[in-house]
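Colleague: I need the structure of the sequence given here:
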Amino acid sequence: MTVAPAREDRSEDFLLTGMTCAACASRIERRLNKVDGVIAQVNYATERATVTLRPDVERSTVVDVVAKLGYGATPLSVPEAELDDVAAVRDDRVADLWRRLVVAAVLFVPMVDLPLVLSVLPAARFPGWEWVVAALAAPVVLWSAWPLHRAAFVNARHGASSMDTLISLGVIAATVWSLGSILTGQLPDPSAGALRVFLDPVGPLYLEVAAAVTTFVLAGRYVEARAKRSAGDALASLAALAARDVAVLLPDGTEARIPAASLAVGTRFVVRPGEKIATDGTVEGGASAVDRSMLTGETVPLEVGAGDAVTGGTVATSGRLVVTATAVGGATQLAGMIRLVESAQASKASVQRLVDRISSVFVPIVIGLAVLTALGWWVAGGTAGDVFSAALAVLVIACPCALGLATPTAMLVASGRGAREGIFLKSHQALETSRVVDTVVFDKTGTVTTGAMTVRSVHLVDDGSRRRVLEIAGAVEDASEHAVARAVVACARAEVPDFPAVDGFEALPGLGARGVVDGVEVRLGKPQTALPVWAPAPAADSTLVVVTLDGTEAAVLELADEVKPSAAPAIARLRAAGLRTVLLSGDRSEAAAAVGTAVGVDEVIADVLPAGKVEALTALQSGGRRVAMVGDGINDGPALAAADLGLAVGAGTDVALDAADVILVRDDLGAVPDALDLARRTATTIRRNLVWAFGYNVAAIPLAALGLLSPLIAGLTMALSSVLVVTSSVRLRN
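Modeller: Residues are numbered from 1 along each chain as shown. You can find the predicted model right below:
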């Protein structure tokens, strides 16, 4: 009997429509997580749900559950279609809000001005002026406020509530009260003037308040929607880097243009000056300078030629290239970056999860407070106007929207800002950890140094065996990805064009590599004991590789690795910020110390194996240090995972990238202080947003309950609170 392989859980993204506040997002998330086989995370700021589905659960299940709650859910599977859908929905929402806002604002102004005119010009007073105000108010409270009423009705039908419930209740209550006053003839004196609405809220006519609250809420949501659309442009900007079509090279040497999405691994394609490179690949022929600024933030073009790797989305500026595709679709570096931004924007900080729980119960609590406020004023002997005005102000001013936006909008903007600078934050964990980091540990080879090592000299036990030693050493190292191995291979190929086959190759992290060539057991790695007596003393900055054949030391290769020009300035910035810097290396102490002195670190830890790197980090942490680790290789993976904050250089291995919290695509160590600064400023913005949002509600509700705020001022303040939180986050873009 054949057993079918088990299918793994899959992750799906959905575009959500109809959400108006954090309470909506929290409600959708709770309901989805009650479905067997579904784990959901909903982000109000990005209007997306990231859902993990068991193999037997279909996408339609999620769509149906969300629809029953009164919202919309659209699966997002193709990146271009996804971004087009998001942009279209946001554009439509902004346009609709603008139309409703214009109508509300145009009609609200004469509603306030009419009583003022009648008070200044008594001769202009006319019977039925109150019906004119009612006629002006009708389109505002019915059409402009319709999305608020509809959302409140949908929520009520499902036994739930949201911010729209509060606003709709307030607008309807003010309108009904006012119409009752008009029908019974209990009208305010027009001579009181329009300032009555702002300074003395007690009165029988509240149509101005209903229109004002609607106008202010729409204005706040319009500004919020525009800011969110702008803040979310990071994904669109990244996706825009992808080429739409490409000129593939046919076997007969001719070219044919096809959609870039149709490329397959191994396809040869042509890139002319000024064209985008369609996908990740290796240059087969030609030479060009490649502009990577849009992808990595680096302003200096990189010269590439035959054998060099190129990245999809970058631009060839000076020459024609023939490239062989090595990765397509979701496997490309650009697609990986988009996934990182999506992951960061969708993730939730621990404080945001607390805010979501508060938002889900906040509206019922506010309605209860409004009822208690009305009862309190009634018991205290207040007039009907006092009772209604205070209760209405509580309904209008208490809004959990600012709370719900405080964290996700900041993360939305920060992830976009970082993406433009070649800095990718994987999640909120990076933000929460960065503000407490006090020590930054750097791997040496490939991180602080260029990793492009060269063989400085070859010391042989037998002067006549140089070619044979290089041939065997090159054969073994040709199977390794390490920077030292690449340098040995480059040196060997200069003298030996072809290498013999290697059997039983094994990479020894931190130690070197070994294999069998022509029956000879070959081992290459750093010296385990003192150098052979026939090997001269190396330079302080050299890295040594001992070549052992069948257990006998045959050669010592002396390699040098240049320090990156950006290393010393980056480390100086970190030290100026009060951070301790440490260089961690598996190299011998003399070579590591020479590099440490060149870049100006506070401490050098050398002769450390991969397991020893973790132990070194643990020792720092045990001493009370909060450690950030910067690395790029396979042997850095455990250390990146063990650190409080892991930062992986984007050119590093998959192991390092998977283990890190922050990915640095720029080949510039200045990205390290930039990333820490961005993370800290984002964390500060989130804390400031939360302080404002919590403080606003704590202070505003009692003032409204005591009758110290008119409903109109309450509506204005409520709208401004959300706008303030969003605009505070948008400042991170600069």
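Colleague: show me the strands in the stretch 601-734 of the chain, by range?
Modeller: Secondary structure of the stretch 601-734 of the chain, counting by DSSP state E, counting those that start in this stretch: strands at 603-605, 627-631, 645-649, 662-664.
Colleague: which residues touch residue 321?
Modeller: Residue 321 makes contact with 270, 271, 277, 283, 285, 286, 287, 288, 304, 310 under the criterion CB atoms under 8 Å, 6 or more residues apart in numbering. C-beta: built from backbone N, CA, C; applies to glycine.
Colleague: which one of those has the most neighbours?
Modeller: Counting neighbours by other CB atoms under 10 Å, residue 277 leads the contacts of residue 321 with 28 neighbours.
Colleague: nearest to residue 421, out of the strands of the stretch 601-734 of the chain?
Modeller: Ranking the strands of the stretch 601-734 of the chain by proximity to residue 421 (CB to CB) places strand 662-664 first, at 9.4 Å.
Colleague: how close does residue 676 get to residue 583?
Modeller: Separation of residue 676 from residue 583 (CB to CB, to the nearest Å): 17 Å.
Colleague: who's more crowded, these two?
Modeller: Between residue 676 and residue 583, residue 583 has the larger neighbour count (other CB under 10 Å), namely 27 against 24.
Colleague: so what's that one bridging to?
Modeller: As for beta bridges, residue 583 partners with residue 442, residue 604 under DSSP bridges.
Colleague: just to check, it is in contact with residue 442?
Modeller: Yes: Residue 583 is within contact range of residue 442, at 5.4 Å (criterion: CB atoms under 8 Å).
Colleague: mind listing the shared neighbours of the two?
Modeller: Common contact partners of residue 583 and residue 442 (CB under 8 Å, 6+ apart): 448, 601.
Colleague: and the helix or strand where residue 410 lies, average pLDDT?
Modeller: Secondary structure assignment for residue 410, by DSSP states H and E: helix 408-420. Mean per-residue pLDDT for helix 408-420: 74.
Colleague: so how far is residue 215 from residue 96?
Modeller: Using CB to CB, we find residue 96 at a distance of 15 Å from residue 215.
Colleague: need the helix or strand of this protein with the lowest average pLDDT.
Modeller: Within the chain, no helix or strand scores below helix 195-199, which has a mean of 43 by mean pLDDT, DSSP states H and E.
Colleague: my reading is that residue 535 lies in a strand. Confirm?
Modeller: No: counting by DSSP: H, G, I helix; E, B strand; the rest coil, residue 535 falls outside a strand, being coil.
Colleague: contacting residues around it?
Modeller: Applying CB under 8 Å, 6+ apart, the residues contacting residue 535 are 459, 556.
Colleague: phi, psi for it please.
Modeller: Main-chain torsions, residue 535, degrees, to the nearest 10: phi -100, psi 130.
Colleague: if I look at residue 590, how far off is residue 564?
Modeller: 20 Å.
Colleague: again with residue 151
Modeller: 54 Å.
Colleague: more crowded one of the two?
Modeller: residue 151 (23 against 20).
Colleague: residue 23 versus the more buried one, what's the distance?
Modeller: For residue 151, the distance to residue 23 - CB to CB - is 11 Å.
Colleague: ok, residue 333 next?
Modeller: Taken as CB to CB, the span from residue 333 to residue 23 is 39 Å.
Colleague: more crowded one of the two?
Modeller: Using other CB under 10 Å as the criterion, residue 333 and residue 23 rank with residue 23 on top: 30 against 20.
Colleague: moving C-terminal of the strand or helix carrying that one, what's the next helix or strand?
Modeller: Residue 23 belongs to helix 22-33 when assigned by DSSP H and E. As assigned by DSSP H and E, the chain's next helix or strand after helix 22-33 is strand 38-43.
Colleague: how big is the angle separating the helix or strand that that following strand is followed by from strand 38-43?
Modeller: The helix or strand immediately downstream of strand 38-43 is strand 48-53, counting by DSSP H and E. Computed by axes from the mean of the first three to the mean of the last three CA atoms, to 10 degrees, the angle separating strand 48-53 from strand 38-43 equals 170 degrees.
Colleague: about what we covered before: more neighbours, residue 96 and residue 215?
Modeller: Remark: of residue 96 and residue 215, residue 215 carries more neighbours, 28 against 14, as counted by other CB under 10 Å.
Colleague: tell me which residues touch the closest residue to the more buried one other than its chain neighbours, please.
Modeller: Leaving aside its chain neighbours, residue 215 sits nearest to residue 104 (4.3 Å; criterion: CB to CB, 6 or more residues apart in numbering). Applying CB under 8 Å, 6+ apart, we find residue 104 in contact with 140, 144, 145, 211, 214, 215, 218.
Colleague: can you give me the strands in the stretch 151-300 of the chain?
Modeller: 245-249, 255-259, 268-271, 281-286, 288-291.
Colleague: give me the common contacts of residue 151 and residue 23.
Modeller: Common neighbours of residue 151 and residue 23 (CB under 8 Å, 6+ apart) are residue 162.
Colleague: my read: residue 618 touches residue 642, true?
Modeller: Yes: using CB under 8 Å, residue 618 is in contact with residue 642, at 6.7 Å.
Colleague: more neighbours: the two, which one.
Modeller: Higher neighbour count among residue 618 and residue 642: residue 642, with 18 against 14, using other CB under 10 Å.
Colleague: show me what contacts that one?
Modeller: Contact analysis of residue 642 by CB under 8 Å, 6+ apart lists 614, 617, 618, 629.
Colleague: filter these down to the buried ones.
Modeller: 614, 617, 629 (16 or more other CB atoms under 10 Å).
Colleague: adding distance to residue 159 and pLDDT, write those residues out as JSON lines.
Modeller: Below are those laid out as JSON lines (distance: CB to CB, whole Å; pLDDT from 0 to 100):
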{"residue": "614", "distance to residue 159": "52", "pLDDT": "81"}
{"residue": "617", "distance to residue 159": "51", "pLDDT": "88"}
{"residue": "629", "distance to residue 159": "49", "pLDDT": "89"}
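Colleague: just the buried residues of the helix or strand that contains residue 390, please?
Modeller: Here residue 390, judged by DSSP H and E, is contained in helix 384-397. Under the neighbour-count criterion of 16+ other CB under 10 Å, helix 384-397 has 385-397 buried.
Colleague: look at residue 533 and say how many residues are nearby.
Modeller: By other CB under 10 Å, the residues close to residue 533 number 6.
Colleague: pLDDT (mean, whole number) over the helix holding residue 390?
Modeller: Mean pLDDT, helix 384-397: 78.
Colleague: hang on, the earlier thing: just send the contacts of residue 321 back as TSV, with pLDDT and distance to residue 136 too.
Modeller: TSV is the format used below for the contacts of residue 321 (pLDDT from 0 to 100; distance: CB to CB, whole Å):
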residue	pLDDT	distance to residue 136
270	91	65
271	91	62
277	89	59
283	92	69
285	88	73
286	89	70
287	87	71
288	86	65
304	85	67
310	88	63
